[in-house]
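J.: fold the following and give me the result.
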Amino acid sequence: MPSCEPELTPMLRPRTLYFIRHGEAYHNILEKKARMKAREGAIAEGLAPDSEETLRRMEEARKGVLNDESLLDAPLSETGEKEAEDARRTLERLIKEEGLPPPTEVLVSPLERALQTANIIFPDHNNIHVREEVRERLT
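T.: Numbers count the residues shown, from 1 in each chain. Alright, predicted model coming up:
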């Protein structure tokens, strides 16, 4: 009697996906500093810390950092490297102790911070693919 189950071709096989964001990068540090400076300036002018104008200034300052073309491909900070190492240990534990399947493929953005994160989390993986489609949008 023939099976009612569809034949599992490589494109139809079940997959487990793990989405891992890159660790903190240098532009994230500068964004935080710019937001804090804008907040302190607004408060010094007598604005409430959570006023719409204060929040607007903070967001404008954050976006100003992101307009710096030298930061479009910012590398991981030391904290970001540590975050990636923590993620590697967590994933290893989940695979070993919780029975999660290890990844058979790793898709990674071509951005330096994403490549660094992938190299830290999957140092010996032999099936890593750099894909523009998984790159974050330009901010």
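J.: pull out the buried residues from stretch 27-45.
T.: Buried residues in stretch 27-45, defined by neighbour count with 16 or more other C-beta atoms under 10 Å: 27-31, 34-35, 38-39, 42. Placement of C-beta: from N, CA and C, glycine included.
J.: and for stretch 63-71?
T.: Neighbour-count burial for stretch 63-71, counted by 16+ other C-beta under 10 Å, picks out 65-66, 71.
J.: got it, and stretch 111-124?
T.: By neighbour count with 16+ other C-beta under 10 Å, stretch 111-124 contains the buried residues 111, 113-118, 120-122.
J.: what about this structure, any weak spots by pLDDT?
T.: Applying pLDDT under 70 to the predicted model, the residue ranges of the chain that meet it are 1-11, 137-139.
J.: now the strands for it?
T.: Taking DSSP state E to define them, one finds strands in the chain at 106-108, 128-130.
J.: the nearest residue to residue 73 once chain neighbours are set aside and residue 80, how far apart?
T.: Here the nearest residue to residue 73 in space, its sequence neighbours aside, is residue 112; by C-beta to C-beta, 6 or more residues apart in numbering that works out to 5.0 Å. Relative to residue 80, residue 112 is positioned 11 Å away (criterion: C-beta to C-beta, to the nearest Å).
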